[in-house]
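> please work out how this folds:
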Amino acid sequence: MEISPTTRHEGHGKLILDIDDEGIVKKAYFINTTPVRGFETMIKERPIEFAPIAVMRICGICQTTHGIASCEAIENALDVEVPDDGLLLRELVGLGNRMHSHPLHHILTFDDFVKSTEEKI
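All right, here's what the predicted structure looks like:
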């Protein structure tokens, strides 16, 4: 059995189930790919400080991780050494983002697991 596309998650996914004659799943494969978003193309030939601002607006759920990644790319390109307090603050912001993003992803799939007690008309 193949379920494609799967929904309510990021990227494009497909679920492939190997089911025997008795209806028991013997093997399951979940293939998930995230399409190329082209961040690099969008910020090409722009001022360096534009990168974090632009990439944080591409995804409404994971804007913080995109911003952190772009700042790290700038730091690596310019060979910048970030102070320990800055690294700690970055880690705290990242943890706060996970506390927001992970429950949000689960809320997006909530309807798949909980049935309403109300009759739909």
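> where do the strands sit along this structure?
In the chain, the segments counted as strands under DSSP state E are 2-6, 12-19, 25-33.
> and the helices in the protein?
Using DSSP state H, the helices of the chain run over 39-43, 50-55, 63-78, 84-108, 110-113.
> neighbours around His66, how many?
For His66, the count of nearby residues is 19 (other C-beta atoms under 10 Å). Placement of C-beta: from N, CA and C, glycine included.
> mind checking how far Ile74 is from Leu87?
The gap separating Ile74 from Leu87 is 15 Å, by C-beta to C-beta, to the nearest Å.
> out of those two, which sits in the busier spot?
Ile74 (14 against 11).
> mind checking pLDDT for that one?
We have a pLDDT of 95 for Ile74.
> for Glu119, same thing?
For Glu119, the predicted pLDDT is 59.
> ok, now Ile31?
The model reports Ile31 with a pLDDT of 87.
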